[in-house]
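Asks: Have a look; sequence and predicted model below, questions after that.
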Amino acid sequence: MINRDTVTVAIIWIIATVAVEIAFSFVDLFPAAASEEAVIVDDAFYFLTYIAIPVFTFILVALSYSIIKFRSRPADDGGPPEDGPPQRTHNAWVRGWMLVTSALVVTVIIHPGLTGLWEMDEAANKDLDFVVKVTGVQWAWSFNYPDQNITSPELVLPNDTHVRFDVTAVDVVHSFWVPAFRTKIDAVPGLTTEIHANITETGNYDDDINFRVQCAELCGREHAIMQSPVRVVERAEFNEWVLSKQ
């Protein structure tokens, strides 16, 4: 038979979970999502957070209730309390419960990640509009547009396009990261890595600092300021920019 303490904890847990879930729905955790990849990444984070909230509230409620309700009290003679009888349980049942719950936790955590990777692969296989060659050097970025035959210290992209970034480095390992796109990959000397972005929103660094290329790998004294502005514009404005650079 379920005792009163279990019922009380369950009721408090349900109320706390609903309250936190509702409160979380009003919280905007992420910066602007300017690519399809950004939406995929954000959806995975939101899903994992929503399913983690009940676990968090259960632990918090159970611990708080236990501390308050079952706190140690002095013995009748005023001395320290005595230990209670030893607690025994069915070891086979505990092992089975731990195995099942661990398998469920791993499955739930892995699923959104694998689904997101599959969706990103699908997005990367779309028709490619153009390529940008990215080079990192202590402590700056340069962007080469081979089809347009121009090189720029600023990353300018047209909206509604699928871009592949071919990334490398000159001196040490850097990391190419655009927060607004949720794209990040290492820039390794002597090696070209690639990452894709399907651009869906316009924006610029002056209005939103998440439109920037930031080094995300400790690379030396000025690592923190190794960044370049990103500007996503409409196709007509991009064409004008290309003509002005040629």
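Replies: Perfect, I can see it now.
Asks: per-residue confidence at Glu82?
Replies: pLDDT recorded at Glu82 is 64.
Asks: Kindly apply the preceding question to Ile2 instead.
Replies: 67.
Asks: for His90, same thing?
Replies: pLDDT at His90 comes out at 63.
Asks: same deal with Thr193?
Replies: 94.
Asks: from what I can see it touches Thr168, true?
Replies: Yes - assessed by CB atoms under 8 Å, Thr193 is found in contact with Thr168 at 7.4 Å. Just so you know, the C-beta spots here come from the backbone N, C-alpha and C atoms, and that holds for glycine as well.
Asks: pretty sure Val230 contacts Val213?
Replies: Yes - if you go by CB under 8 Å, Val230 and Val213 touch, sitting 6.1 Å apart.
Asks: Spell out which residues are contacts of both of the two.
Replies: When CB atoms under 8 Å, 6 or more residues apart in numbering defines a contact, the residues bordering Val230 and Val213 alike are 155, 178.
Asks: quick one on the thing from earlier: what touches both of Thr193 and Thr168?
Replies: With CB under 8 Å, 6+ apart as the test, Thr193 and Thr168 both reach Ala187.
Asks: in a strand, that's where Ala197 is, yeah?
Replies: Yes - assessed with DSSP: H, G, I helix; E, B strand; the rest coil, Ala197 lies in a strand.
Asks: Would you mark the buried spots in stretch 223-236?
Replies: 223, 226-233 (16 or more other CB atoms under 10 Å).
Asks: List the contacts of stretch 57-69.
Replies: Residues contacting stretch 57-69 (CB under 8 Å, 6+ apart): 5, 8-9, 12-13, 16-17, 20.
Asks: related to what we said a few turns ago, pick out whichever of Thr193 and Thr168 has more residues nearby.
Replies: Thr168 (20 against 15; other CB atoms under 10 Å).
Asks: can you pull the contacts of the more buried one?
Replies: 133-136, 187-193.
Asks: For the protein, just list every one of the strands.
Replies: 130-137, 140-145, 150-152, 155-158, 162-169, 174-178, 183-187, 193-198, 203-204, 212-215, 227-233 (DSSP state E).
Asks: tell me what the shortest one is packed against?
Replies: Right, strand 203-204. strand 227-233 (3 or more CB pairs under 8 Å, 6 or more residues apart in numbering; DSSP states H and E).
Asks: Asn91: how many residues sit nearby?
Replies: That count, for Asn91 with other CB under 10 Å as the rule, works out to 8.
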